[in-house]
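[1] no sequence for this one, just the structure:
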């Protein structure tokens with residue numbers, strides 16, 4: 001029996017055993033690794049190893065492409081990170097890439113190269129998704145007590161601003177102002193000239209005005225949020241401040257505070273120094289000295305626009321957020337982060353409502369798709385819970401293109417899903433969902449289709465197989481009235497025959513249209529799995 005299942009739950013890790021997980025953050029400036037031990041009984045994680053390498057992915061060619069030598073340096077670093085993770089007995093490595101790879105024309109080619117050489121699949125995430133996971137990382141380290149906090153993360157290529165109180169964040173923004181990007185594009189003098197400094201400051205302020213205004217508009221009257229800062233830039237500024245004020249750096253920067261006035265004094269000092277002179281500042285790392293001024297200026301302008309007089313440092317950020325997101329998706333967190341656990345499902349349904357999808361029918365289609373997925377797992381495919389959830393999302397959204405027009409609506413569905421800001425999913429997962437919707441009707445996936453061709457081979461196979469299941473699921477609800485009550489599947493391996501036995505909701509209904517549509521849509525399924533599909537109504541049992 002199939003029922004409406006709007007939210008997909010992924011099972012807990014079996015036997016509640018401890019598990020070691022590694023997360024890699026491929027940022028514009030640096031690559032970071034964190035290895036954690038997850039105790040699902042608490043639930044919590046303990047960091048058991050860290051590593052970092054300044055690779056400067058954001059140091060691109062004039063056309064925006066990632067440089068060959070930088071990509072090779074990144075691959076060598078990732079290889080080293082993999083060895084560290086494996087030596088710590090990590091059972092899984094989750095890697096994400098952000099703005100530098102996201103914006104580079106050859107970014108996808110680079111990720112495919114990583115997959116081919118290292119067998120490591122890197123998830124490209126959007127700016128908003130990056131902000132969401134930063135939020136999760138901060139929440140894993142700080143208790144907000146339902147009070148509003150503003151989080152700022154200044155990376156190499158972008159700056160994320162988040163407003164949240166521990167529940168769903170009302171604002172998530174990502175702006176293309178980062179320490180590496182700004183230094184590369186606007187700083188040519190050393191020390192920086194007064195004209196360049198003034199222009200840089202005005203440029204940063206101009207780009208930050210809109211996201212800060214949107215954030216401030218969501219703060220209720222009388223609320224006074226605390227500002228929390230994450231990332232290498234802010235930690236470096238805190239280190240320098242600590243050396244100036246106390247003569248040494250604290251063992252931990254968590255909870256460390258400095259004021260806007262103190263930051264302004266530091267910016268005034270930095271702008272007068274050459275890069276080599278900055279290297280001599282206590283607390284300054286050599287690799288940070290070139291980009292620190294641009295990063296500090298971003299923080300100064302953001303604090304000024306937000307009206308924040310001080311900032312508190314949080315040492316957890318995106319990579320820890322990746323761990324928390326994994327725990328949420330595996331149903332390991334139920335307490336104060338419980339609301340975050342359904343982020344994928346809630347946003348999928350939100351997009352469906354935005355494009356006026358017939359949810360009653362789409363939920364039936366999604367449920368049938370999961371039913372077929374489960375019935376054929378181990379028989380025709382070996383995909384797991386993650387792929388199952390992508391199929392569910394595609395089932396919900398496959399018809400969203402009707403919002404544009406009926407003609408070629410499968411292609412419109414691809415575009416709307418691809419650009420719909422689905423939170424909770426990586427770029428490759430969004431691409432898979434969009435491709436599944438694209439191939440729910442008409443043409444089968446073909447190598448000449450750019451949207452399909454750009455997928456790594458693993459994901460091409462995923463789209464080909466799961467879209468074949470989605471087509472059958474749609475046929476089962478051809479009249480969009482729940483005519484089919486149950487489906488049982490049988491597979492004759494020797495004859496390569498696959499039987500679908502359908503039980504009508506109404507015993508008097510011959511379900512002729514559903515049977516015809518299954519026959520019409522079975523080509524993709526038969527071709528993909530090299531078998532013959534035979535769909536029939538269940539025989540009616542004679543009454544005794």
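    The structure has been received and is ready for your questions. These figures come from a predicted structure and were not determined experimentally. Numbering: from 1, shown residues only.
[2] pick out the residue closest to the middle of the protein.
    A centroid search over the chain (C-alpha atoms, centre = their mean) returns residue 426, at 3.2 Å, as the residue closest to the centre.
[3] for it, what are its contacts?
    Contacts for residue 426 (C-beta atoms under 8 Å, 6 or more residues apart in numbering) come out as 96, 123, 124, 125, 129. Where you see a C-beta, it was placed from the backbone N, CA and C, and this is true even at glycine.
[4] can you flag which of the residues you listed belong to strands?
    Among the contacts of residue 426, the members found in strands (DSSP state E) are 96, 123, 124.
[5] I'd say the first one and residue 25 touch.
    Yes. Here residue 96 lies in contact with residue 25, judged by C-beta atoms under 8 Å, at a distance of 6.0 Å.
[6] are we agreed that residue 509 is in a strand?
    No. Going by DSSP: H, G, I helix; E, B strand; the rest coil, the assignment for residue 509 is coil, not a strand.
[7] which residues do residue 96 and residue 25 both contact?
    Any residue near both residue 96 and residue 25 by C-beta under 8 Å, 6+ apart counts here, and that gives 318, 322.
[8] separation between residue 498 and residue 539?
    According to C-beta to C-beta, to the nearest Å, residue 498 stands 18 Å off from residue 539.
[9] residue 441 too?
    As defined by C-beta to C-beta, residue 441 lies at a distance of 31 Å from residue 539.
[10] ok, residue 467 to residue 415 distance?
    Using C-beta to C-beta, one obtains 17 Å as the distance from residue 467 to residue 415.
[11] check residue 271 too.
    Counting by C-beta to C-beta, the gap from residue 271 to residue 415 is 45 Å.
[12] list the contacts of residue 64.
    Per C-beta under 8 Å, 6+ apart, neighbours of residue 64: 103, 104, 105.
[13] which among the residues you listed count as buried?
    With burial judged by 16 or more other C-beta atoms under 10 Å, the buried subset of the contacts of residue 64 is 103, 104.
[14] out of the contacts of residue 64, which are inside helices?
    Mapping those onto helices (DSSP state H) picks out residue 103.
[15] which one of the contacts of residue 64 is nearest residue 247?
    The shortest approach to residue 247 among the contacts of residue 64 belongs to residue 103, at 41.2 Å (C-beta to C-beta).
[16] how near is the residue nearest to that closest one when sequence neighbours are not counted to residue 104?
    Once flanking residues are discounted, residue 103 sits nearest to residue 64: 6.7 Å by C-beta to C-beta, 6 or more residues apart in numbering. Look at residue 64 and residue 104: by C-beta to C-beta, they are 6 Å apart.
[17] residue 116 now?
    As judged by C-beta to C-beta, residue 116 and residue 104 stand 18 Å apart.
[18] next, count neighbours for the closest residue to residue 158 other than its chain neighbours.
    For residue 158, ignoring the flanking residues on the chain, the nearest one in space by C-beta to C-beta, 6+ apart is residue 99 at 4.5 Å. The local packing of residue 99 (other C-beta atoms under 10 Å) involves 27 other residues.
[19] between residue 498 and residue 539, which has more neighbouring residues?
    Taking neighbours as other C-beta under 10 Å, residue 498 and residue 539 compare with residue 498 leading, 23 against 7.
[20] pretty sure the more buried one belongs to a strand, no?
    Yes. The assignment for residue 498 is a strand, going by three-state DSSP.
[21] tell me what it is bridged to.
    residue 491, residue 533 (DSSP bridges).
[22] isn't the residue nearest to residue 158 right up against residue 175?
    No. With contact defined as C-beta under 8 Å, residue 99 does not reach residue 175; the gap is 10.1 Å.
[23] what touches both of the two?
    Common neighbours of residue 99 and residue 175 (criterion: C-beta under 8 Å, 6+ apart): 127, 158.
[24] low pLDDT regions in the protein?
    Within the chain, the stretches with pLDDT under 70 are 1-16, 42-43, 333-343, 540-544.
[25] where do the helices sit along the stretch 151-300 of the chain?
    Along the stretch 151-300 of the chain, the segments classed as helices by DSSP state H, counting those that start in this stretch run 179-186, 194-217, 232-246, 260-270, 275-278, 292-306.
[26] tell me, how many residues neighbour the nearest residue to residue 200 once chain neighbours are set aside?
    With sequence-adjacent residues excluded and distances taken as C-beta to C-beta, 6+ apart, residue 200 is closest to residue 186, at 4.8 Å. By other C-beta under 10 Å, 16 other residues sit near residue 186.
[27] quick check, residue 469 in a helix?
    Yes. Residue state for residue 469 (three-state DSSP) corresponds to a helix.
[28] how close does the closest residue to it other than its chain neighbours get to residue 470?
    Counting by C-beta to C-beta, 6+ apart, residue 469 lies nearest to residue 372, which is 4.7 Å off, once chain neighbours are set aside. Residue 372 sits at a distance of 9 Å from residue 470 (criterion: C-beta to C-beta).
[29] cool, residue 527 as well?
    Distance from residue 527 to residue 470, counting by C-beta to C-beta: 15 Å.
[30] so between the two, which is more surrounded?
    Comparing residue 527 with residue 470 by neighbour count (other C-beta under 10 Å), the higher total belongs to residue 470, at 29 against 12.
[31] ok, which stretches of this protein are strands?
    Ranges of strands in the chain, per DSSP E, are 19-26, 30-39, 44-54, 92-97, 122-124, 149-154, 159-164, 171-175, 226-230, 257-259, 310-313, 484-492, 497-504, 532-537.
[32] would you list these in JSON lines and tack on distance to residue 81?
    Converted to JSON lines, the strands of the chain look like this (distance: least, C-beta to C-beta, whole Å):
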{"stretch": "strand 19-26", "distance to residue 81": "6"}
{"stretch": "strand 30-39", "distance to residue 81": "4"}
{"stretch": "strand 44-54", "distance to residue 81": "6"}
{"stretch": "strand 92-97", "distance to residue 81": "8"}
{"stretch": "strand 122-124", "distance to residue 81": "11"}
{"stretch": "strand 149-154", "distance to residue 81": "21"}
{"stretch": "strand 159-164", "distance to residue 81": "23"}
{"stretch": "strand 171-175", "distance to residue 81": "24"}
{"stretch": "strand 226-230", "distance to residue 81": "20"}
{"stretch": "strand 257-259", "distance to residue 81": "31"}
{"stretch": "strand 310-313", "distance to residue 81": "25"}
{"stretch": "strand 484-492", "distance to residue 81": "42"}
{"stretch": "strand 497-504", "distance to residue 81": "43"}
{"stretch": "strand 532-537", "distance to residue 81": "45"}
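[33] out of those strands, the one nearest residue 474 is which?
    It is, among those and with distance given as C-beta to C-beta, strand 484-492, at 11.8 Å.
[34] got the angle for the closest one vs strand 532-537?
    Relative orientation of strand 484-492 and strand 532-537, computed by axes from the mean of the first three to the mean of the last three C-alpha atoms, to 10 degrees: 140 degrees.
[35] got a list of contacts for strand 484-492?
    Contacts of strand 484-492 (C-beta under 8 Å, 6+ apart): 1-2, 368, 371-372, 375-376, 379-380, 476-477, 497-505, 511, 514, 531, 538.
[36] buried subset of those residues as a PyMOL selection?
    Here is the PyMOL command that selects the buried residues among these (16+ other C-beta under 10 Å):
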select buried, resi 2+368+371+372+375+376+380+476+477+498+500+502+504+511+514+531
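[37] of residue 467 and residue 415, which one has the most company?
    Set residue 467 next to residue 415 and count neighbours by other C-beta under 10 Å: residue 467 wins out with 27 against 16.
[38] got the contact list for residue 213?
    Not one residue lies near residue 213 by C-beta under 8 Å, 6+ apart.
[39] ok, now with 10 Å
    Shown in contact with residue 213 (C-beta atoms under 10 Å, 6 or more residues apart in numbering): 305, 306.
[40] residue 140 now?
    So, once contact is read as C-beta under 10 Å, 6+ apart, residue 140 ends up touching 44, 45, 314, 316, 320, 321, 323, 324, 327, 333, 337.
[41] now do residue 407 against residue 441, distance only.
    For residue 407 relative to residue 441 (C-beta to C-beta), the value is 12 Å.
[42] what about residue 458, neighbour count?
    Using other C-beta under 10 Å, the number of residues around residue 458 comes to 11.
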